[in-house]
Each structure stands twice: as structure tokens, then as C-alpha cells.
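Asker: Structure, please.
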Amino acid sequence: MNRTFAGLLEYFVITYAKEEAGFSGETLRSYYASVEQYIFWLKEKERVSIDSMDTSHFSKGRIRAFLLHLEEEQNVSASTRNLRRAGIVAFLAFASEICPVYSNAYLEAQKIKIKKAPKPKKDFLTIEEYKSILECIDISKRNGFNHYLLISVMYDTAVRVDEAVRMNLEDFSFGKENSVVIFGKNSKYRRVYLTSHTVNLIKKYQLATGVVR
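Answerer: Coordinates of the predicted model:
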């Protein structure tokens, strides 16, 4: 591996973050954007090229100045500012494992405090709204029942869309405790229990498709 800054960054983005660390696509994009913005900011502020960057360009003072620039000049939210900090720290954590000279920069960057951000408002569908959505689905049409089942499972389990599309029939368990194992954020599994209504829909789908476990 090329252990220059450019080489470390390339390996971090192309190989480590995606294949070894198992970051989700969303996390990977966020981390890449963080380091990319920091590099462009350094190039504009200090006229430094990516080929000449090294651990000295990741001092605590520089990173804090960059984050302050985001807040005061680009008017980003506290949560976005925290994401940019997290991306830079994640890169430095990786770099310090490959090149110990980055260890101090990593430890110092970790000391930069995370700003308190307002918690995002979480809106939930009421039972009436949920029923209204289901009533709009014509199960007599092609894929209508599939859509009806998908909405029911998502409402029942509160999964994200990316988690829902990764579900397989093998993930569902029926019997004394009806449940599904979900592969979610940070490559972690969790078990969620199902209502009898959703279980009946899944069993109807199995009979209709001939896929019975």
C-alpha cells in the first residue's frame, strides 16, 4: 500500500471503509464527503496540494478551524458539523493503524467535542393513516398484494427501507413466537416480533408463490 496521505485516503475509501470495516453506503458517502471537504478547504486556505499533505495537516487546531468554517461561513447544522468531525476522526483512526505517525493526530482529533444537536422530530403514522395507505392498494392488480405485504411488514417492524428490501423468507420464524431477524445498521442483527395479522399475510404470500418453509 502507498503510505502517503493520498495512498492512505485511496485505500480508506475504496477498500477499507467498504470491504473491511463494512460501513454502509450512506456512512461511506458521509465519511468521504467529510475528508473531501476538509482537503478542499486546506487547499484553498493554505494552498497545499493533496500530494504534499501529511499528518501535520490534521492538527487539532486545523480541524477545529475547518469545523468552525462550516458552522459560521457555510451555516451547516450541528448534526452535519458532527458528521464531518466523525468522518475525519474515522479516517485518522484508520491511518493511525497503518502509519503510527498519525496516532497523535487521531488522539487529538478525538478530543474535539461533539456539539449538541436538536433531536430530529420523529413522525409516526397513526393507525388511521396506516389503514388509509393500505386501502389505496389494489391487491387485485399485479404486485398489489406484494405492496400490501411490504407496507404491513414495514409498519409492523419499523424497519428502514434498505432493511426491508434485504429481508428473505428464511429470516422469518413462525410458531410459538412469530418474529423476523433483521440485518441493520452497523452490520448488526436484531429480532423483531410480528403481529398475527402480518404473519397471516406472509403465509398467504407463501401459499400463492409456492414458497413454503
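Asker: Checking the residue of the chain most remote from its centre next. Helix, strand or coil?
Answerer: For the chain, the largest distance from the centre (C-alpha atoms, centre = their mean) belongs to Ser140, which lies 36.2 Å off. Under DSSP: H, G, I helix; E, B strand; the rest coil, Ser140 falls in the coil class.
Asker: Provide a list of residues in contact with it.
Answerer: Residues counted as contacts of Ser140 (C-beta atoms under 8 Å, 6 or more residues apart in numbering): none. For every residue, glycine as well, the C-beta is placed using N, CA and C.
Asker: For Gln110, give me its contacts.
Answerer: With C-beta under 8 Å, 6+ apart, Gln110 has these contacts: Val89.
Asker: before we move on, what about Ser52?
Answerer: By C-beta under 8 Å, 6+ apart, Ser52 has no neighbours at all.
Asker: Identify the residue spatially nearest to Ala164, adjacent ones excluded.
Answerer: Excluding the flanking residues, the one nearest Ala164 by C-beta to C-beta, 6 or more residues apart in numbering is Met154, at 5.3 Å.
Asker: Now do the one you found against His147, distance only.
Answerer: Met154 sits 11 Å away from His147, going by C-beta to C-beta, to the nearest Å.
Asker: what distance separates stretch 138-145 from the centre of its chain?
Answerer: On the basis of C-alpha atoms, centre = their mean, to the nearest Å, stretch 138-145 is displaced by 32 Å from the centre of the chain it belongs to.
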